[in-house]
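Engineer: I need the structure of the sequence given here:
(chains A and B, ligands or ions: 2)
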Amino acid sequence: MTMTITITINRCTTMLDDFLIRAALAAVGTALAASVLGCFVVWRRMAYFGDATAHAAILGVAIALALNISIFAGVAAVSLVVALLIHRLSDRAQGTDTILGVLAHGALATGLVAVTLIPGARINLEAYLFGDVLTVTRTDLAVIWVGAAVVLTVLWFHWSALLTATLNPDLATASGIDPRRENLILTLLLAGVVAVAIKVVGALLITALLVIPAAGARRLASSPEGMALRAAVLGVMAALGGLVLSMRLDTPAGPSIVVTAVVLFACTTIGGKLQAIGGSSP
Amino acid sequence: MPGVSGQRMNLITARGIGVTRKGTAILQNVGIEIAAGEIVTIVGPNGSGKSTLLRVLIGALNPDRGTVTRRPGLRLGYVPQKLAIDATLPLTARRFLDLPHRVPDAEAAQALDTAGVPDIAKRQMVDLSGGQFQRVLLARAILSRPQLLILDEATQGLDQPGAARFYRQIEAVRRDLNCAVLMVSHELHVVMSASDRVICLNGHICCEGTPEVVSAAPAYRELFGRGTGGALALYRHDHDHGHDDNHHHDDDHHDHNQPVHDHA
Ligand SMILES: Nc1ncnc2c1ncn2[C@@H]1O[C@H](COP(=O)(O)OP(=O)(O)O)[C@@H](O)[C@H]1O
Ligand SMILES: [Mg+2]
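Structural biologist: Ligands and ions are numbered 1, 2, ... in the order given. Next up is the predicted model:
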């Protein structure tokens, strides 16, 4: 894979060189943060929560365009508000699925309507729905890597507490950990990853980047840390492989990254099954 | 060291606890005190608020009324009634003991040994049998060297000999750590014989006191009806034997119990 990229890059002009490297760096940064956080999304069965938060990002884009502020800021702010809202509501349990559904699609639809209503703004909506990693600027890249670094650092320092709270909130409380605080931290990180990922894979596919590498790593790991590490590796492979696929076949980058992740997931799952049967090595 | 002044203070004191959910009172005016080193058992029918009371005591649930005072710096070991581990979470028994704080291998092995499951460190939690799972939970709970060990129906899913062994392990833990134990259980006769104090709960405290006092109390008999007559008879029988021999000789006492459990 690395060889393919090297060859591709060598063939390109210096300018192309630069944008490809930017795209690769943006995709790798996003994939790292998303796949590690994604383990918690999988363990806690928060996929729908992730969807709702990510879909709300489109509303964030609309607001950012209307107020003429950074897309990242708009997306982060709206995702945060929606995530906190869901966080609050899910505390009361009962019918959370329905509420999540209403919020997720409500925010998405409102965002889509709002974007088209903004006067003078001729934007390419597809870029925000499916990502447009090939147009990532140096500033975008800085935001993505700072965001990803913050997410990974917080996860590193809260790993044990988050894991205990994930296992059982009462167990956490008895050990002096406040499970509500840990839940809140996960909520904030999720909003952060949505903001980081919107330019790379777009609002509709962010959950895929969270869930699929983690799910693919499950069969390969025997500890939570092992699973996070393997999810990160799979995520990075999907990011780079997807970019190569996109360059070769001239397909959109975001969906190509997700397709690659799905193929990797299928490989590890089938590999795991074969290994369980006693067949070939993974 | 907490110092001598801390010695006299209860580990936990709860007064006037009231919990209401959806207009229904789950707990009403419940008061409970746990002193250092004692074994207290809560008995009560399903849905009588036992788990809710434990969650209030550990601070996982804020009561609508009343106060809970924990001794500052109190170390709790808690075994919850339910612990569902998601199948997507790979977790060995050894790694589970490291939550939330890493412990040295020697200590982990010692704890598993004390809990009666020395050989399962490398097994995945989701692959363990009910009894092994409960024992790993116990091992984790004692690793923090708790001053108070709280067990919510810790012997669920164990057969009677298994439950009896489990209680002997808990007594061993108490001797080793010199900690207090607060537990919820349905195995009335086994538990009662091992307890310093029994609290009979049904939304409110029906009666409490020494096992003898509670098992003779009308409120207790009304709550558990004739269905437990046999168990109570067993308890009395065991207890009388205990008196004849040596009141404080726990191991002897349990050996008396053993054949009774096997036939029950
Ligand atoms: N979060 C909750 N919301 C509403 N009702 C609850 C909640 N938790 C427990 N209950 C109710 O409170 C009662 C006591 O529950 P619990 O403390 O689990 O009883 P026990 O442990 O004695 O079987 C039950 O009727 C249960 O349905
Ligand atoms: Mg209960």
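
Engineer: every contact and neighbour count from this point should use C-alpha atoms.
Structural biologist: Noted.

Engineer: quick one: low-confidence parts of the stretch 151-282 of chain A?
Structural biologist: A:276-282 (pLDDT under 70).

Engineer: now residue 219, nearest residue through space, not along the chain?
Structural biologist: No chain in the question, so chain A it is. Leaving aside its sequence neighbours, A:R219 sits nearest to A:G272 (Cα to Cα, 6 or more residues apart in numbering or on different chains; 5.8 Å).

Engineer: should've been chain B
Structural biologist: B:C206 (6.0 Å).

Engineer: hang on, B:A84 in a helix?
Structural biologist: No: using DSSP: H, G, I helix; E, B strand; the rest coil, the assignment for B:A84 is coil, not a helix.

Engineer: please enumerate the helices of the chain.
Structural biologist: Assuming you mean chain A. Here chain A has its helices, by DSSP state H, at A:2-11, A:14-43, A:47-67, A:71-91, A:96-117, A:125-130, A:138-167, A:169-174, A:179-197, A:206-218, A:224-249, A:253-277.

Engineer: that's the other chain; I wanted chain B
Structural biologist: B:4-8, B:50-58, B:93-97, B:105-115, B:130-143, B:160-177, B:188-194, B:211-216, B:218-224, B:229-245, B:250-263.

Engineer: between those helices, which gets the lowest average pLDDT?
Structural biologist: Within the helices of chain B, the stretch with the lowest mean pLDDT is helix B:250-263, showing a mean of 36.

Engineer: what's around the closest residue to A:V36 other than its chain neighbours, how many residues?
Structural biologist: Closest residue to A:V36 apart from its sequence neighbours, by Cα to Cα, 6+ apart: A:A228 at 5.1 Å. As a burial measure, A:A228 scores 23 neighbours (other Cα atoms under 10 Å in any protein chain shown).

Engineer: likewise for B:A111?
Structural biologist: So B:A111, with other Cα under 10 Å, has 23 neighbours.

Engineer: quick check: bridge partners of the residue nearest in space to the middle of chain B?
Structural biologist: Taking Cα atoms, centre = their mean, the centroid of chain B lies closest to B:M183, which sits 2.2 Å from it. Per DSSP bridges, the residues bridged to B:M183 are B:T41, B:L151.

Engineer: does it touch B:G44 like I think?
Structural biologist: No: between B:M183 and B:G44 there is no contact, the gap being 11.7 Å when judged by Cα atoms under 8 Å.

Engineer: quick one on the thing from earlier: ok, the residue nearest to the centre of chain B - contacts?
Structural biologist: Contacts for B:M183 (Cα atoms under 8 Å, 6 or more residues apart in numbering or on different chains) come out as B:I39, B:V40, B:T41, B:I42, B:I150, B:L151, B:D152, B:E153, B:A154.

Engineer: kindly recompute the last result at 7 Å.
Structural biologist: B:V40, B:T41, B:I42, B:I150, B:L151, B:D152 (Cα atoms under 7 Å, 6 or more residues apart in numbering or on different chains).

Engineer: need the pLDDT of the second one.
Structural biologist: The score at B:T41 is 92. That number is its pLDDT.

Engineer: and it, how many neighbours?
Structural biologist: Counted with other Cα under 10 Å, B:T41 comes out at 25.

Engineer: can you tell me how far it is from B:P63?
Structural biologist: Separation of B:T41 from B:P63 (Cα to Cα, to the nearest Å) stands at 21 Å.

Engineer: what sits closest to the residue of the stretch 101-250 of chain B found nearest chain A if chain neighbours are left out?
Structural biologist: Nearest residue of the stretch 101-250 of chain B to chain A: B:H101, at 7.3 Å (Cα to the nearest Cα). Excluding its sequence neighbours, the residue lying closest to B:H101 (Cα to Cα, 6+ apart) is A:S160, at 7.3 Å.

Engineer: which residues does A:T110 contact?
Structural biologist: With contacts defined as Cα under 7 Å, 6+ apart, A:T110 is in contact with A:L59.

Engineer: 10 Å instead?
Structural biologist: Residues near A:T110 by Cα atoms under 10 Å, 6 or more residues apart in numbering or on different chains: A:A56, A:I58, A:L59, A:A62.
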